[in-house]
Every structure is written in C-alpha cells, then in structure tokens.
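Trainee: model the following, please.
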Amino acid sequence: MNIKSVVKVMNFHALLRVEKARRQAEILSSMRTELEKMLRSIVNNRNLRLDKLLKLPSANMPALRIYLGSDYGFCGSVNSAVSNALARDPGSEKITVGKKVRGRRDVLLSLTWDEYYRDITVIRDHFISAVRDRKWSSVELIYNHYYNMGSVKLERRVIYPVNTDNFAEADDGGGTADYIIESSITGLLEEMMTAYLFYEFRIAVTSAYAAENTLRQSATQESIKKLDEREEEDTRAARREKNEAAFRKTIDSYTRRSIQQGNQESA
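Mentor: Model (predicted):
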C-alpha cells in the first residue's frame with residue numbers, strides 16, 4: 001500500500017473532524033447561552049441569597065479535576081501536555097478520559113472515549129454529586145483548547161462553582177430582577193446547574209477533539225511534505241544515476257572508437 005496515499009487520507013479525515021467539532025461546538029454554545037440567561041437570573045437574585053437557597057461547596061474540600069486526552073496517537077503534544085499536567089497535580093481527585101493519558105495512578109476514574117460514549121451518565125453522575133452533595137470544592141477541566149487551525153493551547157477551566165459575571169444577560173432584564181419564589185427551587189436549580197456543567201464539559205470535549213485533529217492534520221501535512229521531499233530526492237538521485245550511466249556509456253563508446261581508430265592506423 002502506498003504510504004503517501006494513507007497519510008493523505010488521514011490528513012483529509014482530520015480536517016473533516018475539525019470542521020465537525022467546530023459545528024457541534026457552535027450548537028452546544030447556543031444552548032449553553034440560553035441556560036446562562038436563566039441561571040444568571042436565579043443566581044443573582046438577592047432574595048434567594050438572603051434565604052440561603054443557593055448553597056456553595058466548602059473551600060476545604062478537595063477539587064475534582066477532569067483530564068481530557070485522546071485514545072489515539074499521531075496528534076503531536078496533545079496527550080503529553082495533558083499527562084504532564086496530571087503528573088504535576090498535587091492532591092485533587094482526578095478523572096481521566098483518553099487511553100493515551102498517562103501519569104499518576106491515584107485517579108478516581110479512568111475512561112477511554114469509547115467507554116465514555118457508551119455511558120455518558122458516568123461523568124454526569126459526578127456533576128450531580130458536585131452540585132447536590134457538594135463533594136468537591138470545585139470542578140475543573142484540563143484539556144487542549146482549540147482556538148483556530150494555528151492555535152491550540154492547554155487550558156485549565158473551573159466550571160464549578162459557577163461564575164456568573166460573564167454570563168449572558170436576558171434581553172428582558174430578568175437577570176437583575178429580585179423576584180420572589182414561593183415554592184422550593186432547590187431541585188430545579190440543581191438540575192439547571194448540572195445541565196450547565198454537562199454542557200460546559202461537552203463543549204470542552206468538542207474543543208479537545210478539534211485540537212487533537214488539528215495537531216494530527218498538522219503532523220500528517222508535515223509527513224506529506226517529507227514524503228514529497230523524499231520523492232524529489234529519489235527522482236534527482238535516479239536522474240543523476242541515469243545521467244552518469246549515459247555519460248559512462250558515451251566515454252566507453254568514445255574510448256572504443258579511439259582504440260579501433262588507433263589500431264586501424266597502426267595496420
């Protein structure tokens with residue numbers, strides 16, 4: 001099988017996956033924006049704060065950090081960057097997603113991407129525990145963030161407790177209204193918060209997927225360039241060898257004619 005053809009196919013599929021991840025991230029972001037508007041109107045409600053209906057986790061609890069890598073190689077420094085961050089993690093509880101993520105062994109949960117997609121509730125259950133049981137002081141995502149085809153950087157993002165400062169504000173001004181709620185809102189708020197965390201996680205997953213394939217596309221593009229250079233060098237070497245053979249043949253022919261001519265003159 002032609003190696004160059006295989007690398008070109010890998011390069012093309014990597015580009016398709018980047019575009020697919022980008023479109024999916026746009027859809028998830030629009031859904032997250034609408035959820036942000038609702039959460040902002042609840043979290044910034046002073047009546048709910050005074051009634052202590054908005055409960056936050058204790059800062060003395062350990063953090064939960066989720067590391068996102070990949071199941072496959074040939075994608076540059078994606079997995080090494082995440083693995084290095086994992087190895088330097090002091091004392092948090094950790095979840096790793098990606099077969100190639102290596103580092104510390106004291107992880108709470110380790111999944112491949114195939115395992116995650118077979119049962120996405122495994123991660124969602126941890127978000128429920130973070131919000132409902134407040135088992136961790138914070139929830140953080142560590143992954144390679146895709147900015148554009150030329151920019152991919154390791155990012156550490158705190159998604160819980162939720163910071164509403166940068167949330168989208170409702171167009172009707174509901175984000176600043178101090179309305180009164182007569183029934184219990186705790187369960188609803190927990191569900192909304194869990195949904196928001198899961199959207200944040202899914203957006204990070206799509207970004208990490210795009211970053212992985214961006215670096216894989218870059219690696220395959222460089223491989224194609226090296227293969228082209230090798231082909232050019234082989235072509236030049238073959239042409240040089242052909243020219244040298246033709247030159248030797250010409251010299252041999254000239255030498256034979258000179259010898260024959262000398263023999264004829266001697267006779």
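Trainee: against Phe201, how distant is the nearest residue to Leu68 once chain neighbours are set aside?
Mentor: Nearest residue to Leu68, sequence neighbours excluded (Cβ to Cβ, 6 or more residues apart in numbering): Tyr143, at 3.8 Å. In short, each C-beta sits where N, CA and C put it, glycine included. According to Cβ to Cβ, to the nearest Å, Tyr143 stands 10 Å off from Phe201.
Trainee: okay, now the unreliable bits of the stretch 1-150 of the chain?
Mentor: Residue ranges of the stretch 1-150 of the chain with pLDDT under 70: 1-18, 21, 24-25, 28-32, 34-36, 38-39, 41-54, 73-76, 103-104, 149-150.
Trainee: which residues of it fall in strands?
Mentor: 64-68, 93-97, 109-111, 139-148 (DSSP state E, counting those that start in this stretch).
Trainee: the more surrounded of Tyr143 and Phe201?
Mentor: Taking other Cβ atoms under 10 Å, Tyr143 and Phe201 do not tie; Tyr143 has more neighbours (27 against 24).
Trainee: check contacts around that one.
Mentor: By Cβ atoms under 8 Å, 6 or more residues apart in numbering, Tyr143 lies in contact with Tyr67, Leu68, Val82, Leu154, Glu155, Arg157, Ala204, Val205, Ser207, Ala208, Ala211.
Trainee: cutoff 7 Å now
Mentor: Taking Cβ atoms under 7 Å, 6 or more residues apart in numbering, we find Tyr143 in contact with Leu68, Val82, Glu155, Ala204, Ser207, Ala208.
Trainee: one more: Asn79?
Mentor: Asn79 makes contacts with Gly69, Ser70, Gly98, Lys100, Val101, as judged by Cβ under 7 Å, 6+ apart.
Trainee: ok, back up a step: export the strands of the stretch 1-150 of the chain to a markdown table and tack on distance to Arg22?
Mentor: Conversion of these to a markdown table gives the following (distance: least, Cβ to Cβ, whole Å):
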| stretch | distance to Arg22 |
| --- | --- |
| strand 64-68 | 17 |
| strand 93-97 | 20 |
| strand 109-111 | 24 |
| strand 139-148 | 8 |
